[in-house]
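Q: sequence unknown, structure follows:
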């Protein structure tokens, strides 16, 4: 910390320790960082603020005197108290003079933040402007997170109600679980970033990684359900890999970074993309809707990769919400159009049944009218037959030397034949 200490032989490294291999002999878990700072001579009566984002504990010495302490610095993980500062500290600097900033930093448990950060990043400036920036950033960040949680929560509730009304449509249940996990991600992120103790930050990080795993599982089940694909060996490989990754994350004493779970998410997305492309090739109805969602998500992932590589610096959350939100919207549109197609098919079938029923009723009426007409005609013919038979002689005449017999068979109920006996006066 001594401002007169000769640090000319020290290696020039980034304090965020993204590339610890550049440190001669490797990172021992604790070390010193020094930099000379000069305040603008015109910055008279300016209150100077200091803020740090760090993966461990930090002490800031200015011109050999301890100015700020964030946590307890130690090379022993048992004695180290790693924190994530939530407030600004003020320091005094003389304008126009060179000051030596010496930082004693420790990350004994090897915590890893997003982007591979193992060290710290420190901001020094006008405390008024820094407070304004922090308030505005927190307001925007909280607003985006709340909006995302509300949007995904609405999708989750709608499709859960659809599942409860039609339990046979399990795709709605999978989609509800997917959106519930999405709600938990920004909510847990807000809670995590508000924690001072890095141990509680670690807990929130683990919860987030579990939510990402739940999203992958629900999405894989959802896509297999809507495209009629079975649960195959690829699905189980992703599941087993995820469970092993989660077990390692929860049992590791330090924050492992997002890359292990990012690999699992990438595997899940690759499998989902494979299913979507296969559905397109099979000309599945509306498979293009899901494909569009994946296209937007892929562009968002490329942007996130560019950010994590340090090529461009920007907030990752808007990109995350746009990418994942496009996939959620595409799935929701697909399920809605699928339900609409099912309802249309049912309506067509119902109309066919109604048309068939009307035709059957008409045929039944015609049949009964015909039967009634037949019964009427049969009754009339029977009456005519009886009248014809009544006109025939009831008895046969007796003639000596003759035996008489008669028989008449009509072609149907009534015939055109008739017979009778006439007896003259001589008995013939």
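A: The structure has been received and is ready for your questions. As the structure is a computational prediction, the values presented were derived from the model and not from experiment.
Q: From residue 15, how far off is the residue nearest to residue 101 when sequence neighbours are not counted?
A: What sits nearest to residue 101 in space, not counting adjacent residues and going by CB to CB, 6 or more residues apart in numbering, is residue 35, at 5.0 Å. In short, each C-beta sits where N, CA and C put it, glycine included. Residue 35 sits 9 Å away from residue 15, going by CB to CB, to the nearest Å.
Q: Settle it for me: which of the two has more neighbours?
A: residue 15 (18 against 13; other CB atoms under 10 Å).
Q: Run through this protein and note the low-pLDDT ranges.
A: 44-46, 301, 304-317, 411-413, 425-428 (pLDDT under 70).
Q: just how off-centre is the longest helix along it within its chain?
A: Assignment by DSSP state H gives helix 316-390 as the longest helix of the chain. Here helix 316-390 is found 38 Å from its chain centre; the criterion is CA atoms, centre = their mean, to the nearest Å.
Q: cool, stretch 30-40 as well?
A: In terms of CA atoms, centre = their mean, the centre of stretch 30-40 is set 47 Å apart from its chain centre.
Q: Would you mind listing the buried residues in that stretch?
A: Using 16 or more other CB atoms under 10 Å as the test for burial, stretch 30-40 gives 30-31, 33, 39.
Q: what's the answer for stretch 362-379, then?
A: Residues of stretch 362-379 include none that count as buried (16+ other CB under 10 Å).
Q: One more: stretch 283-294?
A: Result for stretch 283-294 [16+ other CB under 10 Å]: buried residues 284, 286-287, 289-290, 293-294.
Q: Give me the distance between the one residue sitting closest to the centre of the chain and residue 389.
A: For the chain, the residue nearest the mean C-alpha position is residue 178 (3.7 Å; CA atoms, centre = their mean). In this view, residue 178 and residue 389 are 89 Å apart by CB to CB.
Q: How about residue 143?
A: 105 Å.
Q: And the strands in the stretch 51-200 of the chain?
A: Ranges of strands within the stretch 51-200 of the chain are 57-62, 65-70, 89-91, 98-106, 120-126, based on DSSP state E, counting those that start in this stretch.
Q: Sheet partners, orientation included, of the third one?
A: Based on DSSP bridges, the pairing partners of strand 89-91 within the sheet are strand 48-54 (antiparallel).
Q: what do you get for the second one?
A: Strands flanking strand 65-70 in the sheet, each with its direction: strand 57-62 (antiparallel) (DSSP bridges).
Q: Which members of the buried residues of stretch 30-40 occur in helices, if any?
A: If you go by DSSP H, the buried residues of stretch 30-40 have nothing in helices.
Q: Make CSV out of the residues you listed and add distance to residue 127.
A: Output for the buried residues of stretch 30-40, formatted as CSV (distance: CB to CB, whole Å):
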residue, distance to residue 127
30, 29
31, 28
33, 22
39, 13
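Q: would CSV of the strands of the stretch 51-200 of the chain with distance to residue 50 and mean neighbour count be doable?
A: Compiled in CSV, the strands of the stretch 51-200 of the chain are given as follows (distance: least, CB to CB, whole Å; neighbours: other CB atoms under 10 Å):
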stretch, distance to residue 50, mean neighbour count
strand 57-62, 6, 22
strand 65-70, 5, 17
strand 89-91, 5, 15
strand 98-106, 9, 20
strand 120-126, 5, 17
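Q: Turn the ones you listed into TSV, columns for distance to residue 158.
A: Shown next, in TSV, are the strands of the stretch 51-200 of the chain (distance: least, CB to CB, whole Å):
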stretch	distance to residue 158
strand 57-62	46
strand 65-70	44
strand 89-91	47
strand 98-106	48
strand 120-126	41
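Q: For residue 329, which of the ones you listed is the nearest?
A: strand 120-126 (34.9 Å; CB to CB).
Q: gap between that closest one and the chain center?
A: Worked out by CA atoms, centre = their mean, strand 120-126 lies 38 Å from the chain centre.
Q: and that strand, what other elements does it pack with?
A: Applying 3 or more CB pairs under 8 Å, 6 or more residues apart in numbering; DSSP states H and E, we find strand 120-126 packed against strand 48-54, strand 98-106.
Q: and that strand with strand 65-70, angle?
A: 120 degrees (axes from the mean of the first three to the mean of the last three CA atoms, to 10 degrees).
Q: about what we covered before: the residue nearest to the centre of the chain touches residue 212, doesn't it?
A: No - look at residue 178 against residue 212 with CB atoms under 8 Å: they stay out of range, at 11.2 Å.
Q: Overlap in contacts, those two.
A: Counting by CB atoms under 8 Å, 6 or more residues apart in numbering, residue 178 and residue 212 have no common neighbour.
Q: Can you show me the helices along the stretch 101-250 of the chain?
A: 127-165, 170-193, 198-226, 233-251 (DSSP state H, counting those that start in this stretch).
Q: Tell me how many other residues crowd residue 110.
A: Residues near residue 110, counting by other CB under 10 Å: 18.
Q: Disregarding flanking residues, what is the spatial nearest neighbour of it?
A: Residue 110 sits nearest to residue 254 (CB to CB, 6+ apart), 5.1 Å away.
Q: Is the one you found within a helix or a strand, and which one?
A: Assigned by DSSP states H and E, residue 254 belongs to no helix or strand.
Q: That one: neighbouring residues, count only.
A: Residues near residue 254, counting by other CB under 10 Å: 19.
Q: Same check on the one 10 residues further on?
A: For residue 264, the count of nearby residues is 22 (other CB under 10 Å).
Q: thinking it is in contact with residue 243, fair?
A: No - Residue 264 is not in contact with residue 243 according to CB under 8 Å; the separation is 9.8 Å.
Q: Mind listing the shared neighbours of these two?
A: residue 213.
Q: Give me the contact list for whatever helix or strand the residue nearest to residue 101 lives in.
A: Using DSSP H and E, residue 35 maps to strand 30-38. Residues from elsewhere that reach strand 30-38, judged by CB under 8 Å, 6+ apart: 1, 5, 7, 10, 13, 15, 23, 73-75, 93, 96-108, 124.
Q: by how many degrees do that strand and strand 48-54 diverge?
A: Using the same axes, to 10 degrees: strand 30-38 against strand 48-54 is 150 degrees.
Q: Can we start the residue count at 10 from this point?
A: Got it, first residue is 10 now, which makes that one strand 39-47.
Q: and the direction of strand 39-47 versus that of strand 107-115, what angle?
A: 160 degrees.
Q: Partner strands of strand 39-47, with direction?
A: Strand pairing (DSSP bridges) places strand 39-47 next to strand 107-115 (antiparallel).
Q: from the middle of its chain, how far away would the strand it pairs with be?
A: Relative to its chain's centre, strand 107-115 lies at 46 Å (CA atoms, centre = their mean).
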